[in-house]
Every structure is written in C-alpha cells, then in structure tokens.
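Asker: can't give you the sequence, but here's the structure:
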C-alpha cells in the first residue's frame, strides 16, 4: 500500500492511495469530471466544499461525552455547515439548477448524496431541510439508474 492506509485502487498493477485522488481518477476515467479544465475546477470547488464539511464534523466523531456531542452537533451545523450548504446551493443555482457543473452529472452531483448521508448520520436527521433545492437535486441524482442500482445493493455503513 503506497501510504499504508486504505483506500487503495489498483489499476494495471499500479496502486493509488488517498480517497480524493481515487475519486478524481475515477471521475476522469468515467467522464464525471466536467468537459474541460474549467469544469473540472468547478467540480473540485464543490467537492472541496463537501470535504470541508467533513472536516467541520470531525470533532463530533471524536467527542465521547453525549451531552457535549449534542451541543457540538447543533453548533457545528448552525455555524459552519449551514454556511457551506448555502454556497453549494448557489453553485447549483448559478449553473441553472440542473447540475452543479455543465449539462450532465459529474462527481460533484454524486458527492452530494454522500455528503447528505454523512451529515444525516453524524449531525442531524434532515440536513437539507432548509435547502429544498439541494434535497430535490439529491433525490434526482439518486434516481439515476446506475446510481440507484448501486445504492440498492451497497453495504450499509455509517460512513
């Protein structure tokens, strides 16, 4: 393993570590990273905002005291996550509301599903309650046939 951690992707005998490097590689391989360098950068802008949300909730995972954890969930969501969800909602609106980038599904649209699941598992039951546009977009992307098929058969995990 290149960094002695998981995940690792092996392609033609070469190993690639780090989840975001793998995600970007797969997105480029399957035409999910935009149609040009600007669209790729826009995808990554959305992706990095989602990653920042994951960083924001890390203290919640680490807190052992349930009362403090409840306070953290509330404050992190209100003070950090909500602001980032507003940015993400604007990215979607600025592109016409159909997709985050360009005129087709990209890794950014797919990552919205994972971000919703992460937030709903660790922070609050309905993280998109005040963001109906994001909720509708997540639902739409989740219904894409190949994505829906994977969601139906994948293992159930908290992450």
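Answerer: Yep, it's here. Owing to the predicted nature of the structure, the values given are computational and were not obtained by experimental measurement.

Asker: Near the nearest residue to residue 3 once chain neighbours are set aside, how many other residues are there?
Answerer: In space, and not counting its chain neighbours, residue 3 is closest to residue 17: 4.3 Å by Cβ to Cβ, 6 or more residues apart in numbering. In short, each C-beta sits where N, CA and C put it, glycine included. As a burial measure, residue 17 scores 15 neighbours (other Cβ atoms under 10 Å).

Asker: Sticking with residue 15, tell me its helix or strand.
Answerer: Residue 15 belongs to strand 14-17 when assigned by DSSP states H and E.

Asker: Now that strand: average pLDDT?
Answerer: Regarding strand 14-17, the rounded mean pLDDT is 95.

Asker: got the buried residues for stretch 74-89?
Answerer: Buried positions in stretch 74-89, judged by neighbour count with 16 or more other Cβ atoms under 10 Å: 76, 77, 80, 81, 85, 88, 89.

Asker: Now the terminal residues of it, how far apart.
Answerer: Across stretch 74-89, the terminal residues are separated by 21 Å (Cα to Cα, to the nearest Å).

Asker: circling back: I'd like the buried residues of stretch 74-89 as CSV, with pLDDT, distance to residue 132 and secondary structure appended.
Answerer: Below are the buried residues of stretch 74-89 laid out as CSV (pLDDT from 0 to 100; distance: Cβ to Cβ, whole Å; DSSP: H, G, I helix; E, B strand; the rest coil):
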residue, pLDDT, distance to residue 132, secondary structure
76, 96, 22, helix
77, 96, 17, helix
80, 97, 21, helix
81, 97, 16, helix
85, 98, 11, helix
88, 97, 13, helix
89, 97, 9, helix
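
Asker: As TSV, these with distance to residue 39 would be great.
Answerer: Formatted as TSV, those follow (distance: Cβ to Cβ, whole Å):
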residue	distance to residue 39
76	31
77	30
80	27
81	26
85	22
88	16
89	19
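
Asker: So for residue 46, what's the nearest residue that isn't a sequence neighbour?
Answerer: Counting by Cβ to Cβ, 6+ apart, residue 46 lies nearest to residue 108, which is 3.7 Å off, once chain neighbours are set aside.

Asker: for that neighbour, what are its contacts?
Answerer: By Cβ atoms under 8 Å, 6 or more residues apart in numbering, the contact set of residue 108 is 42, 43, 46, 47, 91, 99, 100, 101.
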